[in-house]
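# sharing a sequence plus its predicted fold:
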Amino acid sequence: MNNLAAKPVTNLEPSKLAMVPFVSVDNMMKIVNTIGASKMIAEIASYIESDFLRWESFDKTPRVASHSKEGVIELMPTSDGETYGFKYVNGHPANMARGFQTVTAFGVLARVDNGYPVLLSEMTILTALRTAATSSLVAKYLAPEGSKTMAMIGNGAQCEFQALAFQEVVGIDTVRLYDVDPEATVKAAANLANSGLKVIACKSSQEAVSGADIITTCTADKLCATILTDNMVGSGVHINAIGGDCPGKTELHKDILLRSDIFVEYPPQTRIEGEIQQLDDDHAVTEIWEVMSGKAEGRTSPEQITLFDSVGFATEDFSALRYVRDQLERTGHFVELDMLADPDDPRDLFGMVRRADTAAD
């Protein structure tokens with residue numbers, strides 16, 4: 001008798017355990033438009049804040065990066081002991097000129113107890129939302145009281161998300177835009193035309209920062225650039241530096257760092273990738289979770305220059321994925337993906353494959 005003879009076929013439809021909720025780009029856009037971009041950013045910010053407040057419960061490691069002359073591909077993992085999450089993300093500054101996105105990403109959440117994924121999601125759009133959410137959340141703690149004007153240097157894909165985030169979370173009413181590519185500024189101004197923000201297109205970085213309470217730098221070149229020089233930064237401002245995110249990529253002159261109180265997400269990663277890669281390894285920085293939890297001071301005087309040296313950290317992606325998972329029932333914008341092989345007998349994976357072939361006959 002042939003031991004590989006097919007067993008009687010009863011039901012070859014995927015089981016419930018085989019299905020994983022999948023949020024496509026189309027689904028994500030529908031979620032954003034259903035909730036509203038500004039509201040969604042603010043809600044993600046609250047998730048990020050709640051996870052920063054339980055910072056010590058997370059596994060933490062610098063992202064795993066594969067660098068090339070064209071860019072970088074990274075994995076960003078973390079876990080709180082119950083749920084595991086990771087993001088795959090690239091950064092390729094030359095992509096735009098070749099017709100590709102500079103940054104693309106996807107992410108996964110999984111149960112720790114059995115390893116089963118519970119969410120697969122696009123994260124190109126979601127990363128833009130969570131980056132803006134993190135920036136504005138931190139500014140809520142560090143920016144000058146009553147901040148109303150933000151300079152935005154670098155008007156690419158992240159620009160509008162940042163502007164809406166700071167409007168919603170911090171309360172700014174004016175953005176001053178500058179980009180070396182005037183068309184990028186025109187694009188951003190058009191997208192923000194109905195936002196309620198006063199949008200001012202500027203002809204230089206110097207003009208953009210004039211009168212600003214908050215300065216956001218968000219450029220994509222993979223090199224040590226000087227987007228801000230020391231003479232451009234007056235006392236009392238908050239700098240949201242989000243463009244430097246890999247070794248050799250910075251935006252600020254070193255003298256600005258030496259005049260600022262610097263706040264970071266995770267020092268072992270930021271010292272490699274952030275603005276502070278320009279400084280000695282023992283240069284004092286404050287972890288932002290400590291400010292949020294009251295263990296460290298944030299802004300202490302109106303004259304203080306605060307600098308958020310943001311490179312993005314895995315817990316922020318974890319928070320954003322948690323948020324999206326919680327919105328699935330609320331919005332219905334997802335599909336069930338047949339992603340996990342689930343044989344009736346866990347030991348009989350081969351038998352499941354054979355029975356599918358028999359059923360096809």
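Structure's in. What do you need? Numbers count the residues shown, from 1 in each chain.

# so who does residue 181 touch?
Counting by Cβ atoms under 8 Å, 6 or more residues apart in numbering, residue 181 touches residue 155. C-betas here are computed from N, CA, C, even on glycine.

# state the pLDDT value of it.
The per-residue pLDDT reported for residue 181 equals 94.

# just residue 249 next, same as before
In this prediction, residue 249 carries a pLDDT score of 78.

# quick one: mean pLDDT over the one helix or strand residue 119 maps to.
Counting by DSSP states H and E, the element that carries residue 119 is strand 117-122. When the per-residue pLDDT values of strand 117-122 are averaged, the result is 98.

# in it, what counts as buried?
Of all the residues in strand 117-122, those buried under the rule 16 or more other Cβ atoms under 10 Å are 117, 119-122.

# ok, and what's touching that strand?
20-25, 27-28, 83, 105-111, 321, 324-325, 337, 339-340.

# okay, among the buried residues of strand 117-122, which ones form the most distant pair?
With distances taken as Cβ to Cβ, the most widely separated pair in those is 117 and 122, at 14.6 Å.

# just the strands in the stretch 151-300 of the chain please.
If you assign secondary structure with DSSP state E, counting those that start in this stretch, the strands in the stretch 151-300 of the chain sit at 174-178, 198-201, 214-217, 224-228, 238-241, 250-252, 261-264, 286-287.

# comparing those strands, which yields the minimum mean pLDDT?
For the strands of the stretch 151-300 of the chain, the stretch scoring lowest in mean pLDDT is strand 224-228; its value is a mean of 76.

# helices or strands up against it?
For strand 224-228, the elements it packs on are helix 205-209, strand 214-217, strand 250-252, judged by 3 or more Cβ pairs under 8 Å, 6 or more residues apart in numbering; DSSP states H and E.

# try it again at 10 Å.
Helices and strands in packing contact with strand 224-228 are listed as strand 149-153, helix 205-209, strand 214-217, strand 238-241, strand 250-252, helix 254-259; criterion 3 or more Cβ pairs under 10 Å, 6 or more residues apart in numbering; DSSP states H and E.

# tell me where the stretch 1-150 of the chain has strands.
Counting by DSSP E, counting those that start in this stretch, one finds strands in the stretch 1-150 of the chain at the ranges 19-23, 64-67, 72-79, 83-91, 105-111, 117-122, 149-153.

# ranking the ones you listed by burial, who's on top?
strand 149-153 (a mean of 27; mean count of other Cβ atoms under 10 Å).

# relative to strand 174-178, how tilted is that one?
With axes from the mean of the first three to the mean of the last three Cα atoms, to 10 degrees applied, the angle from strand 149-153 to strand 174-178 works out at 20 degrees.

# what lines up beside strand 149-153 in the sheet?
For strand 149-153, the paired strands and their directions (DSSP bridges) read strand 174-178 (parallel), strand 214-217 (parallel).

# pull the CA atoms of the first one into CSV?
Going back to what we said before, that points to strand 174-178. The C-alpha atoms that make up strand 174-178 are tabulated as CSV, following Å, rounded to 0.1, in the frame of the first residue of the first chain:
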residue,chain,number,x,y,z
THR,A,174,2.4,79.4,10.6
VAL,A,175,4.9,77.3,8.6
ARG,A,176,7.9,78.9,6.8
LEU,A,177,9.0,76.6,4.0
TYR,A,178,12.3,76.2,2.2
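
# just how off-centre is that strand within its chain?
The gap between the average C-alpha position of strand 174-178 and the chain average comes to 22 Å, counting by Cα atoms, centre = their mean, to the nearest Å.

# I'd like to check the angle between it and strand 224-228, please.
Relative orientation of strand 174-178 and strand 224-228, computed by the same axes, to 10 degrees: 140 degrees.

# residues of strand 174-178 that come out buried?
Residues 174-178 are the ones in strand 174-178 that count as buried (16+ other Cβ under 10 Å).

# make a markdown table out of the residues you listed and add distance to residue 201.
Formatted as a markdown table, those follow (distance: Cβ to Cβ, whole Å):
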| residue | distance to residue 201 |
| --- | --- |
| 174 | 12 |
| 175 | 10 |
| 176 | 8 |
| 177 | 5 |
| 178 | 8 |
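
# any idea which of these is closest to residue 68?
Closest approach between the buried residues of strand 174-178 and residue 68, by Cβ to Cβ: residue 178, at 29.7 Å.

# now for the nearest residue to residue 338 once chain neighbours are set aside, how many residues are close by?
Leaving aside its chain neighbours, residue 338 sits nearest to residue 14 (4.4 Å; criterion: Cβ to Cβ, 6 or more residues apart in numbering). Residue 14 is surrounded by 15 other residues when neighbours are defined as other Cβ atoms under 10 Å.
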